[in-house]
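> how does the following fold in three dimensions:
(one chain, ligands or ions: 1)
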Amino acid sequence: MNPRQREFDTMAARWDEVHPPAEAAAAIERGLALVEPLSGAAVADIGCGTGILLGPLLRRLGPGGRVIACDLSERMLAIARERHPDPRIEWRQGDALAHPPAPGSLDVVLCFDALPHFPDPRATVRTMAGWLAPGGRLLVWHDIGRERLAAVHREAGPVLADDLLPPPEALAGTAVAAGLEVGLAIEDEESYTFLARRPAGG
Ligand SMILES: C[S@@+](CC[C@H](N)C(=O)[O-])C[C@H]1O[C@@H](n2cnc3c(N)ncnc32)[C@H](O)[C@@H]1O
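Numbering: from 1, shown residues only. Got it, this is the predicted structure:
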């Protein structure tokens with residue numbers, strides 16, 4: 001089994017204590033506002049965990065929207081499924097890169113607090129860029145600063161110790177090379193936001 005899957009499976013039951021939904025709520029609203037319009041949109045939630053994004057996201061999607069909710073951890077995903085029994089969600093368990101959405105099929109790709117756990121974050125951004133339809137938005141964001149996140153991962157033990165978030169400007173170069181326009185590539189001590197868009201004509 002992928003060691004990160006084992007690690008996140010082990011954490012799933014207490015994930016709400018590690019990443020309390022109430023503490024993340026403002027960051028989630030801030031992020032979802034950046035990728036509007038969401039009504040009727042086709043969205044992927046990559047590394048959805050126990051479904052922290054799904055309540056606010058489903059409210060914004062309306063009846064015509066749909067979400068691919070993907071997570072490596074079977075136990076994280078089981079909790080998310082139980083919390084959100086909604087026919088607009090397609091559940092995918094496993095490595096998001098091994099179960100990719102069809103190229104050009106999505107209006108929005110969301111990756112909240114998950115990118116550093118992919119073995120090659122920049123290659124992951126390149127791959128996610130390929131899932132976007134013209135006009136589609138990619139948002140990678142965190143409610144913690146990059147340095148503090150690295151410290152948290154070091155303290156979590158050897159499996160996650162080297163899971164680092166690249167500086168947002170490094171993602172910008174990758175996104176531009178993948179044909180996207182960068183909207184935001186900013187960070188401070190408490191947050192990290194990378195937003196890019198596929199031009200409407202391409
Ligand atoms: C730090 S947790 C964040 C979960 C959720 N987004 C949140 O903010 O509460 C990272 C999640 O990414 C998932 N993950 C890690 N590598 C992944 C991969 N290659 N494909 C899909 N999910 C992955 C983990 O299983 C874990 O649930």
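
> only C-alpha atoms for contact and neighbour calcs from this point on.
OK.

> can you find the helix or strand in the chain with the smallest mean pLDDT?
helix 15-18 (a mean of 94; mean pLDDT, DSSP states H and E).

> wait, does that one contact the ligand?
No - Helix 15-18 lies out of reach of the ligand by Cα under 6 Å from any ligand atom, never closer than 7.2 Å.

> the helix or strand following that helix close to the ligand?
Using DSSP states H and E, the helix or strand that directly follows helix 15-18 along the chain is helix 21-34. No - Helix 21-34 stays clear of the ligand (Cα under 6 Å from any ligand atom), getting no nearer than 7.5 Å.

> so which elements touch the very next helix or strand once past helix 21-34?
Note on helix 21-34: by DSSP H and E, the next helix or strand toward the C-terminus is strand 42-46. Here strand 42-46 touches strand 66-71, strand 106-112, going by 3 or more Cα pairs under 8 Å, 6 or more residues apart in numbering; DSSP states H and E.

> right, and those strands - which one's nearest the ligand?
strand 66-71 (3.6 Å; Cα to the nearest ligand atom).

> picking up where we left off before, okay if I get the helices and strands packed on strand 42-46 as CSV plus mean neighbour count and distance to the ligand?
Formatted as CSV, the helices and strands packed on strand 42-46 follow (neighbours: other Cα atoms under 10 Å; distance: least, Cα to the nearest ligand atom, whole Å):
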stretch, mean neighbour count, distance to the ligand
strand 66-71, 24, 4
strand 106-112, 24, 5
